[in-house]
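A.B. asks: I would like to see how this sequence folds:
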Amino acid sequence: MNLFRKSLFIFLFGCLLFPAIQYRFNLINCKALSGMFTLSGDTVLTSGGWFSGKYQIKKDKYFHDVFGLRSIFIRIRNQIDFSLFQQVHADDFVIGKNNDIFWGWYFNSYSGRDFIGSKALKEKLGILKAIQDSLAEHNKTLLIVIAPSKDNYFQEDLPDSVRKGDSSNYLISLNTLKMDGLNYIDFNSYFLSLKGKALAPLFYKYASHWTSYGAYLAGDSIISKIENLRNIKMQHLPWKNQIIQERPSGDELEMENDMNLVFSFKHEPFGHPEPLEHIDSTKNNLSAMVVGDSFFWALRDHFSFWDYFSNGIFWYYSWHVYPKGNKDTHDNLNIESELKKNDVFILLATEANITKLGFDFPAQVSKILRKNKNVMN
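C.D. replies: Got it, this is the predicted structure:
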């Protein structure tokens, strides 16, 4: 009996001690957690920090975020809560029917709860129409791209509490785009029309963005639209019938990865495009500026969007600038310079961001054009 008690004590003490040993020596290679979060930084011991108690508070937060086996413990907790209670420990994730994962904040646009009114939307799009006309006078093209909504594409898997609204920012904007003669592509309705007909899935239930096939289809459509608007011919990759069956990976599993579970969901292989050739960007003479949200990343990474242009930049949410061919980002952008040197301006936004279409671009360009209409000469 004493041997059993001693063995149990040693075992339990070892369990308590091992996280500290793991922190110090990193004996087990633990898979890092996925998602966006900020870990607390370490602190330096000072007499002032010690006696004020600030050192202890900062040190406690630091050890809370870096103790050994932390990622394993979090994954176990997440797996238990999800498997037993359908509870997800990821910011604003909602589990729909058939284990389809949605972002809760998208429900506001789908249901029309964030509707700002027809007048406000028409005023915003009226500004873009004026910009489009000014750009056209200098042989420059403005193109509005509405990225597809997963809520719209998988609406049959939405929770029963989520209902489609009669009026929404998307519906009013779409009607105004048509009536005012703005250049646009609506992938929301286009993808829905292809559901069940496309060669491969356009959305995947465990991601919030389009699949690689969806990105290829969208990218090719954008290039075709630019050709039509500018009456030119651009290169196209012969990829449409080159489909290989692969399991989803990378950004096609972004939401599942961010759930940080122990066990992965079951994934069946589905079609991914496989181009036979590569675009020679040196043969292209158009320069483009894209202002938009995270749907552009798949266009850049899967479709190789920048290969179709001699030069270009991506202004992400009007926060950060990502130049073509340069992985380094910066926050400094000279709008006047970009207006002069670019030929095509693409404003990309999802249904949820349509009230902020173009982000800071419309206001800044309008201000510049009011001061000098010949700024692009």
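
A.B. asks: CA only for contacts and neighbour counts going forward, please
C.D. replies: Fine.

A.B. asks: Tell me which helix or strand comes right after the host helix or strand of residue 271.
C.D. replies: Secondary structure from DSSP states H and E places residue 271 in strand 270-273. Per DSSP H and E, the first helix or strand lying C-terminal to strand 270-273 is strand 287-292.

A.B. asks: who touches that following strand?
C.D. replies: Strand 287-292 is contacted from outside by 309-318, 338, 341-349, 357-359, 361, using Cα atoms under 8 Å, 6 or more residues apart in numbering.

A.B. asks: Can you tell me which of those residues end up in helices?
C.D. replies: Secondary structure from DSSP state H places 338, 341, 361 of the contacts of strand 287-292 in helices.

A.B. asks: For those residues, which ChimeraX command selects only the ones that are buried?
C.D. replies: Of the ones in helices among the contacts of strand 287-292, the buried ones go into a single ChimeraX selection, burial set by 16 or more other Cα atoms under 10 Å:
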select :338,341,361
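
A.B. asks: Without its sequence neighbours, what residue ends up closest to residue 131?
C.D. replies: residue 366 (7.0 Å; Cα to Cα, 6 or more residues apart in numbering).

A.B. asks: Only alpha carbons, please: show the helix or strand harbouring residue 64 as CSV.
C.D. replies: Element membership for residue 64 (DSSP H and E) is helix 54-66. Extracted in CSV, the C-alpha atoms of helix 54-66 (Å, rounded to 0.1, in the frame of the first residue of the first chain):
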residue,chain,number,x,y,z
LYS,A,54,3.8,45.4,-11.6
TYR,A,55,6.6,42.9,-12.0
GLN,A,56,4.6,40.1,-10.5
ILE,A,57,1.5,40.9,-12.6
LYS,A,58,3.5,41.0,-15.9
LYS,A,59,5.5,37.9,-15.0
ASP,A,60,2.4,36.0,-14.2
LYS,A,61,0.8,36.9,-17.6
TYR,A,62,4.0,35.9,-19.3
PHE,A,63,4.2,32.4,-17.7
HIS,A,64,0.5,32.0,-18.4
ASP,A,65,1.2,32.3,-22.1
VAL,A,66,4.4,30.3,-22.4
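
A.B. asks: In this protein, which residue is most central in space?
C.D. replies: With distances taken as Cα atoms, centre = their mean, residue 294 lies nearest the centre of the chain, 3.1 Å away.

A.B. asks: Would you tell me which helix is longest in the chain?
C.D. replies: As assigned by DSSP H, the longest helix anywhere in the chain is helix 2-25.

A.B. asks: Please enumerate residues in contact with that helix?
C.D. replies: 27-28, 66-69.

A.B. asks: Apply 10 Å and report the result again.
C.D. replies: 1, 26-30, 63, 66-70 (Cα atoms under 10 Å, 6 or more residues apart in numbering).

A.B. asks: Buried subset of those as a PyMOL selection?
C.D. replies: Buried residues among those (16+ other Cα under 10 Å), as a PyMOL selection:
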select buried, resi 63+66+68+69+70
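
A.B. asks: and of the contacts of helix 2-25, the nearest to residue 211?
C.D. replies: Nearest to residue 211 out of these is residue 30 (Cα to Cα; 28.4 Å).

A.B. asks: Just say helix, strand or coil for residue 245.
C.D. replies: At residue 245 the chain is in strand, as set by DSSP: H, G, I helix; E, B strand; the rest coil.

A.B. asks: Start the count at 54 instead of 1 going forward.
C.D. replies: Happy to do that; since the first residue is 54 now, the last one works out to residue 298.

A.B. asks: Now the buried members of the contacts of strand 340-345.
C.D. replies: 362-371, 391, 394-402, 410-412, 414.

A.B. asks: thought the residue nearest to residue 184 was touching residue 179?
C.D. replies: No. Using Cα atoms under 10 Å, residue 419 makes no contact with residue 179, being 11.2 Å away.

A.B. asks: in the protein, which spans are helices?
C.D. replies: 55-78, 100-105, 107-119, 123-138, 160-164, 171-189, 203-206, 222-233, 240-247, 265-283, 307-312, 349-354, 388-394, 414-424.
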